[in-house]
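Q: Build the 3D model from these lines:
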Amino acid sequence: MKAVILCGGLGTRISEESHLKPKPMIEIGGRPILWHIMKLFSHYGFNEFIICLGYKGYVIKEYFSNYVLHNADFTVDLASGSMEYHATNHEPWKVTLVETGPDTMTGGRLKRVAKYLTPGESFFFTYGDGVADVDLAALAAFHKSHGKQSTVTAVSPPGRYGALDIVNGAVERFIEKPPGDNGLINGGFFVLQPEVVSRIAGDEIPFESAPLEGLAADGELMAYRHEGFWAAMDTLRDKNQLEALWASGRAPWHVWK
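A: Below is the predicted model:
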């Protein structure tokens, strides 16, 4: 199965860093969050990616063009101009980078990369700014089992603030960022059938509007409930929290250890 990853948005809510690079290239632990997402897919044996480029897409192109160079030991003979690689850190990835327009919406970006999908084969579709410890093999198996056109990973977002457990006026315990109100939201990590693309009219269509709404109305959208860790990097605060988790050595999405 291929994985389509949205990497074209402006990332305006994290403009402290996104004015220099696209949001998926903002680093957690010295690696772009996009790399973390791809490592999660690779851990479950999914190594073919289609990257939807837009804002500052050249930064992502340059990253993958020089990936081996930046992760290898090598010797350069300046006299001859030759280069000899020694130890290299390869990934088993095949990455297709597609310019999908600077202002194209999420549905439009998917429509633009449809020609790179495998006919008749389901595929993953996700955002380039969210990490989770979701079992992607189990997600793919769930999608296959129900036979519908689409599956969305449903998650309960963490609460934004700490909570007080109060009994008779006394605080019995403080809970740091407990789960939210038990409402489930779209956590990304979709599995889709290729025919879903026909529901997207053009560049101006967000995938989360008419396409998803139509799939739900037609009974073609199933939910895979993920009760583990999930986080989206929308703001600098979110980025710093993910950075702290990674630095602690206990990042829940680091399943490829």
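
Q: What lies in contact with the helix or strand in which Glu62 is found?
A: Secondary structure from DSSP states H and E places Glu62 in helix 57-65. Identification of contacts with helix 57-65 by C-beta atoms under 8 Å, 6 or more residues apart in numbering yields 7-8, 21-22, 24-25, 32, 34, 51, 53, 95, 97, 99. For the C-beta atoms, the positions are set from N, CA and C on the backbone; glycine is no exception.

Q: Most widely separated two among these?
A: Largest separation among the contacts of helix 57-65 by C-beta to C-beta: Pro32 and Glu99, giving 18.5 Å.

Q: And those two? Which one has more around it.
A: Per other C-beta atoms under 10 Å, whichever of Pro32 and Glu99 has more neighbours is Pro32, with 21 against 15.

Q: And that one, how far from Ile60?
A: Look at Pro32 and Ile60: by C-beta to C-beta, to the nearest Å, they are 8 Å apart.

Q: Overlap in contacts, the two.
A: Going by C-beta under 8 Å, 6+ apart, residues that sit against Pro32 and also against Ile60 are 24-25.

Q: which element is Glu91 on?
A: Remark: Glu91 resides in no helix or strand, with elements defined by DSSP H and E.

Q: Quick check: nearest residue in space to it, chain neighbours excluded?
A: Once its chain neighbours are removed from consideration, Glu91 has its nearest residue in Ser42; the separation is 6.6 Å (C-beta to C-beta, 6 or more residues apart in numbering).

Q: now do Gly120
A: For Gly120, the nearest residue in space outside its immediate sequence neighbours is Pro194; the separation is 6.6 Å by C-beta to C-beta, 6+ apart.

Q: Could you check the pLDDT of that neighbour?
A: Per-residue confidence for Pro194 comes out at a pLDDT of 97.

Q: got a list of what it touches?
A: So Pro194 contacts 114, 117-123 (C-beta under 8 Å, 6+ apart).

Q: Please enumerate the strands of the stretch 151-257 of the chain.
A: Secondary structure of the stretch 151-257 of the chain (DSSP state E, counting those that start in this stretch): strands at 163-167, 170-175, 185-186, 190-192, 221-225, 230-232.

Q: I meant the stretch 1-150 of the chain, not that one.
A: In order along the chain, the stretch 1-150 of the chain carries the following strands (DSSP E, counting those that start in this stretch): 2-7, 27-28, 31-32, 48-53, 72-77, 82-88, 94-99, 123-127, 130-132, 150-155.

Q: Can I get those strands in CSV including distance to Ala231 and mean pLDDT?
A: Formatted as CSV, the strands of the stretch 1-150 of the chain follow (distance: least, C-beta to C-beta, whole Å; pLDDT from 0 to 100):
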stretch, distance to Ala231, mean pLDDT
strand 2-7, 16, 98
strand 27-28, 10, 97
strand 31-32, 16, 96
strand 48-53, 21, 98
strand 72-77, 31, 91
strand 82-88, 31, 85
strand 94-99, 24, 98
strand 123-127, 12, 98
strand 130-132, 6, 96
strand 150-155, 9, 94
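
Q: just for the protein, where's the confidence low?
A: Applying pLDDT under 70 to the chain picks out residues 159-167, 169-182.

Q: tell me, which helix in it spans the most residues?
A: When the chain is parsed with DSSP state H, its longest helix is helix 236-248.

Q: still on that earlier bit, wait, which of the strands of the stretch 1-150 of the chain is closest to His254?
A: When the strands of the stretch 1-150 of the chain are ranked by proximity to His254, the top entry is strand 130-132, at 9.0 Å, counting by C-beta to C-beta.

Q: how many other residues sit next to Ser198?
A: With neighbours defined by other C-beta under 10 Å, the count for Ser198 comes to 10.
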